[in-house]
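S.K.: Quick one: sequence plus predicted model below, questions after.
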Amino acid sequence: MSTEEKPAAAPRSLAEALRGRDDAALAALLRGRPDLVTPVPTDLTQLATRAGTRASVVRALERLDRFTLQTAQALAVAADPASYGELLGLMAGDDRDPAVRAALPHALGVLREQALVWGGDDRLRLVRTARELLAPSPQHPSPTGLGPTVREATAGMSPGRIQEIVAAAGLPSTHDSVSAVAALTALFDDPERMSALLDGAPAESVEVLERLVWGPPYGQVTADPAPRLRWLLDRGLLLPTAPGTVVLPREVALRLRAGRAHRTVEPSPPPVEAAAAHRPQVVDATAAGQAYTALSTVEELLKDWHEGGPAVLRAGGLSVRDLKRTAAALDVPEPVAAFWVELAYTAGLLASDGEADERYAATPAYDQWRERPDAERWAHLATAWLTATRTAGLVGGRDAKDRTLSALGPGLDRSAAPEVRHRVLALLSGLPEGTAPVLESVLARLRWERPPRGGGRGSAGTAAPAAEGAHRTPGGPGAGDGRGAGAYGSVAGGVRGAEGAPAERDGEDLRARIARWTLSEAEMLGVTGRGALSAHGRALIGAPAARRAEAESEGPGDKLPVHHRPAPAPAPLSPAEQAAAAAAAARLLAPLLPEPLDHVLLQADLTAVAPGPLERPLADVLGVLADVESKGGATVYRFTPGSVRRALDAGQTASDLHAFLAAHSRTPVPQPLAYLIDDVARRHGHLRVGAASAYVRCDDDAVLSEILADRRAAGLGLRRLAPTVLAAQAGPAGLLEGLRAMGFAPAAESAEGDVVIARADAHRTPPRTPPAPVPDGPPVPDDTLLTAAVRAVRAGDLASTAPRRPAAGSEPDRGEPPRTTAAETLATVQAAVLTGEALWIGYVNAEGGASQRVIAPVRVEGGFVTAYDHTADEVRTYPLHRITGVAELADDEG
């Protein structure tokens with residue numbers, strides 16, 4: 001055996017590079033780009049092809065952090081292939097910034113892991129689709145602000161003009177344009193010769209170069225350029241690209257930039273800054289108070305819609321008028337009311353009833369939710385909010401068709417919302433307990449982790465103002481500062497969210513807006529208190545893991561500061577993990593919530609004060625007997641004749657009410673309240689209203705005469721049928737309301753003459769499921785699926801690349817599925833059973849899907865072959881009639 005091993009050949013394609021990866025690396029690729037595994041590729045060639053498609057590359061680029069994306073942008077303007085040294089020069093500049101040197105290997109590793117870059121350090125290649133998306137062109141300037149190379153800019157120039165430029169630059173003339181362009185490129189790449197050339201440039205010409213150097217690199221000139229421009233044009237420092245348009249060649253710009261592709265390189269994420277620090281106990285208590293308020297608000301909302309809520313708009317959703325009414329009933333601004341309505345809907349407590357006259361109402365799940373402990377009820381709401389794609393902050397905005405987005409209506413789903421919410425809370429969990437963040441630092445961190453899409457291609461114009469040498473002021477989004485990370489955004493075919501509106505309509509800062517809403521909604525919901533994440537909020541997101549991740553991404557290391565590494569991608573919990581986290585949050589919250597009280601304090605001014613939350617039976621009865629006057633730490637109820645009558649209508653008697661108040665008041669029942677109850681009870685039911693259309697009867701005919709004489713009764717259409725009976729044109733409900741408005745206390749009666757107990761009927765929808773979140777692409781596969789997918793891809797690749805044993809006089813065949821007759825198939829399979837050899841087969845399943853497999857036949861009988869399938873790594877049985885062909889593997893592969 002030779003002592004020298006032959007070095008592995010460099011991969012010639014992405015597929016070959018993938019074949020050189022181990023199973024763990026393939027699994028990491030499929031985990032990072034889950035769209036590649038749906039459906040599972042048949043082999044590595046198909047995986048590489050799918051990884052290079054436009055949609056998949058755009059999605060992968062969108063998930064890169066700023067520094068890794070800047071690295072990809074630098075490779076797009078480098079030679080193809082490029083060396084690691086060339087890439088380092090573009091990123092770190094001539095001074096070789098130490099921070100960039102330390103961070104670049106990790107960023108390049110991420111690009112390799114995501115199959116956006118392949119090849120060794122001496123031949124780095126950006127996948128073709130990514131280069132097309134990120135490389136500069138006249139129609140789509142690069143976020144680096146660089147223009148085309150000298151070779152690209154002179155492609156349509158006449159040979160004579162090229163020789164004139166070469167001569168003006170002080171270079172010897174050449175025999176062809178190719179060598180002339182190469183000599184000019186070498187001049188611009190040589191620091192010493194380039195410095196000597198610029199030293200002789202007029203100051204005005206240098207000023208023009210300084211204005212173009214960071215991009216956009218294009219400018220406009222007149223037919224007769226000024227001397228400062230003529231000097232640059234003669235020496236090729238500016239090259240014409242179209243009539244009246246010139247461009248700064250890439251090599252010149254890089255030399256003027258000291259080799260940097262970006263004006264500002266951000267190798268490390270910006271830290272999340274602390275705005276204020278509070279004691280953790282204060283934060284938890286404040287958050288618990290807000291959590292209880294959230295429960296009360298949701299209950300109050302659905303209680304207000306107890307007998308059927310607002311009507312559903314024809315296009316779906318809640319009307320503006322109904323939202324205003326709901327906001328007034330809850331005593332909150334309209335955007336806050338929209339949040340509570342959407343939260344109840346997301347949690348499955350609210351839905352449309354589906355009737356002909358469709359209205360919103362509570363669902364049967366609401367009744368079950370009310371019976372659960374307060375901490376569990378809060379955990380249910382918080383989990384629904386954290387995982388929902390519906391975004392209440394969009395209510396009142398406009399969709400792609402300029403229609404108003406209404407609460408509970410369509411168009412409110414944003415796939416990024418769960419991820420952003422989870423990430424914002426994870427960033428808060430990385431701060432010391434009790435610490436509230438600076439909002440702008442949170443937004444800056446999110447922008448670094450996922451740069452906005454809006455500043456790349458299409459954001460910087462290709463033509464400058466008409467003045468000679470003038471152009472846009474550098475430094476704007478996408479103008480070479482590295483912040484125009486969305487160079488691929490505008491070419492993604494109009495990427496749309498789940499709601500069907502173009503992502504561009506939401507603006508490049510949609511994630512920032514969701515982050516702002518997250519912080520305010522978390523405070524209202526009680527996840528945070530005084531701006532800091534509470535203990536139960538930490539548990540809700542699986543805080544220990546999230547906090548460790550933050551410590552890793554921000555803490556200093558021994559040699560390489562770990563903050564040079566990109567922050568870990570937000571990883572919302574799986575459903576099982578989220579359920580466990582919600583249970584843990586409920587356990588932490590439960591001791592902080594106030595215990596329900598079984599008493600109130602009655603006062604002489606016909607009010608009752610509840611010094612805290614009341615037990616549910618007490619709260620339900622008191623809610624009927626009195627009206628809520630004010631809410632806060634203590635709730636004030638006021639007793640009125642109307643509220644007492646409401647309790648009597650619900651079937652209570654005066655003695656029942658006296659006993660109830662005496663049993664639940666820590667103070668004696670005031671005499672005015674006792675008189676009020678007795679007075680209303682004495683008059684209650686003295687008048688009886690029934691259906692004729694409607695009638696009024698009373699044993700005291702003087703009372704009926706008084707009603708007839710009252711002008712306010714004119715609209716009821718009353719007339720006397722008998723001394724003690726009046727008929728009315730109004731219906732029973734209208735007659736009851738009219739008489740009550742006149743100061744009487746009528747009672748409704750049934751056809752049998754019994755008093756009708758007016759107990760409000762709870763209107764409920766049929767069973768409804770909560771709205772399902774709209775995911776942003778395929779879900780991340782679990783470990784089981786990844787293992788099976790990698791195994792299937794490996795086996796399929798083996799089948800597609802294994803050489804078949806050639807027939808006599810023919811060459812080995814690779815890649816094409818075998819084709820044999822039924823007799824040949826049967827004979828070959830039977831022979832393989834005897835010899836134990838592996839075979840390559842083409843197979844068509846019951847759905848018509850064709851595949852290639854490598855099998856080791858064990859038994860053939862009854863029209864079936866039983867074999868060990870290397871693709872599935874298990875023994876399977878295949879019908880012989882579905883095998884399209886079979887071939888023996890070459891001896892070295894069998």
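M.R.: Done, it's in.

S.K.: hey, let's count contacts and neighbours off CA atoms from now on
M.R.: OK.

S.K.: residues touching the residue nearest to Ala28 when sequence neighbours are not counted, list them.
M.R.: Distances taken as Cα to Cα, 6 or more residues apart in numbering put Glu113 closest to Ala28, at 7.0 Å, once the chain neighbours are dropped. Each residue near Glu113 by Cα atoms under 8 Å, 6 or more residues apart in numbering is listed here: 25, 28-29.

S.K.: between those residues, which is nearest Pro452?
M.R.: Nearest to Pro452 out of the contacts of Glu113 is Leu29 (Cα to Cα; 23.4 Å).

S.K.: count of neighbours near the closest one?
M.R.: Counted by other Cα atoms under 10 Å, the residues lying close to Leu29 total 21.

S.K.: and the gap between the residue nearest to Ala28 and Thr667?
M.R.: Remark: distance between Glu113 and Thr667 (Cα to Cα, to the nearest Å) = 73 Å.

S.K.: in the stretch 651-800 of the chain, which spans are strands?
M.R.: With DSSP state E, counting those that start in this stretch, the ranges of strands along the stretch 651-800 of the chain come out as 688-690, 694-697, 719-722, 725-728, 747-748.

S.K.: Within its sheet, name the partner strands of the third one and how each one runs.
M.R.: Within its sheet, strand 719-722 is paired with strand 725-728 (antiparallel), according to DSSP bridges.

S.K.: Kindly format the C-alpha coordinates of the strand it pairs with as PDB.
M.R.: Taking Å, rounded to 0.1, in the frame of the first residue of the first chain, the C-alpha atoms of strand 725-728 are listed here in PDB:
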ATOM      1  CA  VAL A 725    -107.100  45.800  30.400                       C
ATOM      2  CA  LEU A 726    -105.400  48.000  27.800                       C
ATOM      3  CA  ALA A 727    -104.400  46.800  24.300                       C
ATOM      4  CA  ALA A 728    -101.300  48.200  22.500                       C
END
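
S.K.: and that strand, average pLDDT?
M.R.: Averaged across strand 725-728, the pLDDT comes to 82.

S.K.: Repeat that for stretch 848-856.
M.R.: For stretch 848-856, the mean pLDDT works out to 81.

S.K.: for the closest residue to Leu673 other than its chain neighbours, what are its contacts?
M.R.: In this structure, Leu673 finds its nearest non-sequential neighbour in Leu606, 5.8 Å apart by Cα to Cα, 6+ apart. Shown in contact with Leu606 (Cα under 8 Å, 6+ apart): 638-640, 670, 672-673.

S.K.: circling back: quick one: which of the contacts of Glu113 is nearest Arg794?
M.R.: Using Cα to Cα, Ala25 is the member of the contacts of Glu113 that sits closest to Arg794, with 12.6 Å.

S.K.: burial measure for that closest one, as a count.
M.R.: Residues lying near Ala25 (other Cα under 10 Å) number 16.

S.K.: any idea how far it is from Tyr360?
M.R.: In terms of Cα to Cα, Ala25 sits 51 Å off from Tyr360.

S.K.: repeat for Leu350
M.R.: Taking Cα to Cα, one finds Leu350 at 7 Å from Tyr360.

S.K.: Sketch out the low-pLDDT regions of the chain for me.
M.R.: Low-confidence regions of the chain, defined by pLDDT under 70, span residues 1-8, 138-139, 454-508, 543-572, 685-693, 751-762, 799-800, 802-818, 871-873, 890-894.

S.K.: What is the longest strand of it by residue count?
M.R.: When the chain is parsed with DSSP state E, its longest strand is strand 850-861.

S.K.: For that strand, name the packing helices and strands.
M.R.: Strand 850-861 is packed against helix 783-801, helix 822-835, strand 839-844, strand 864-869, with contacts defined by 3 or more Cα pairs under 8 Å, 6 or more residues apart in numbering; DSSP states H and E.
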